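Undergrad: Provide a 3D model corresponding to the input given below.
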Amino acid sequence: MSSLSVLPPECLLQPFPVPQRLMLGPGPSNVPARIIAAGAQPMLGHLHAETIEIMNQVKSGIQYAFQTRNRVTLAVSGPGHAAMECAIFNSLEPGESILIAVNGIWGERAAEIAERIGAKVNTVVTSAGGYFTNEEIE
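TA: Just a heads-up that it's a prediction; the model follows:
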């Protein structure tokens, strides 16, 4: 016997046939067949050989852009925040000074990262989405 006091209605025990029509209103809408087909394709995971090859090609592009043959050049797969962390951690040493223009969450995060490294963090701050003049930066 179920411990639920309200049993599922009969309609939930049967498949619900949804007509294939184009819905233009808000709410749940039918997914086009090409989207369903695309979603059914095999996933390319981060450890697949093809992904490794893609990352190696990106690495080659990075080496070209920075004009280096350093074998330890890394292409980090991650969101923009990971790229920001890599850039700050790899270009800043404890005790060095950095100026960070803070006009929103990304500037705040950059300042926090630099502080964790032990850098001397100088900030110029404006409202979120605001901008800085050259004079303010100087």
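
Undergrad: low-confidence ranges in this protein?
TA: For the chain, the stretches with pLDDT under 70 are 1-2, 4, 18-27.

Undergrad: tell me the contacts of the residue most central in space within the chain?
TA: The residue lying closest to the centre of the chain (CA atoms, centre = their mean) is P79, at 3.0 Å. Contacts for P79 (CB atoms under 8 Å, 6 or more residues apart in numbering) come out as none. Every C-beta, even on glycine, is put in place using the N, C-alpha and C of the backbone.

Undergrad: state the phi and psi torsions of it.
TA: When read as degrees, to the nearest 10, the backbone of P79 gives phi -80, psi 180.

Undergrad: for N90, see how far away it is.
TA: To N90, P79 is 17 Å away according to CB to CB, to the nearest Å.

Undergrad: now do the buried residues in whichever helix or strand L99 is part of.
TA: For L99, the host element (DSSP states H and E) is strand 97-102. Under the neighbour-count criterion of 16 or more other CB atoms under 10 Å, strand 97-102 has 98, 100-102 buried.

Undergrad: between the helix or strand just after it and strand 97-102, how big is the angle?
TA: Note on strand 97-102: by DSSP H and E, the next helix or strand toward the C-terminus is helix 105-117. Put simply, helix 105-117 runs at 160 degrees to strand 97-102, going by axes from the mean of the first three to the mean of the last three CA atoms, to 10 degrees.

Undergrad: on contacts alone, who are the packing partners of helix 105-117?
TA: On a contact count with 3 or more CB pairs under 8 Å, 6 or more residues apart in numbering; DSSP states H and E, helix 105-117 meets helix 80-91, strand 97-102, strand 120-125.

Undergrad: can you get me the start-to-end distance on stretch 93-113?
TA: 12 Å (CA to CA, to the nearest Å).

Undergrad: how about residues contacting that stretch?
TA: Contacts for stretch 93-113 (CB under 8 Å, 6+ apart): 81, 84-85, 88-89, 92, 114, 117-132, 137.
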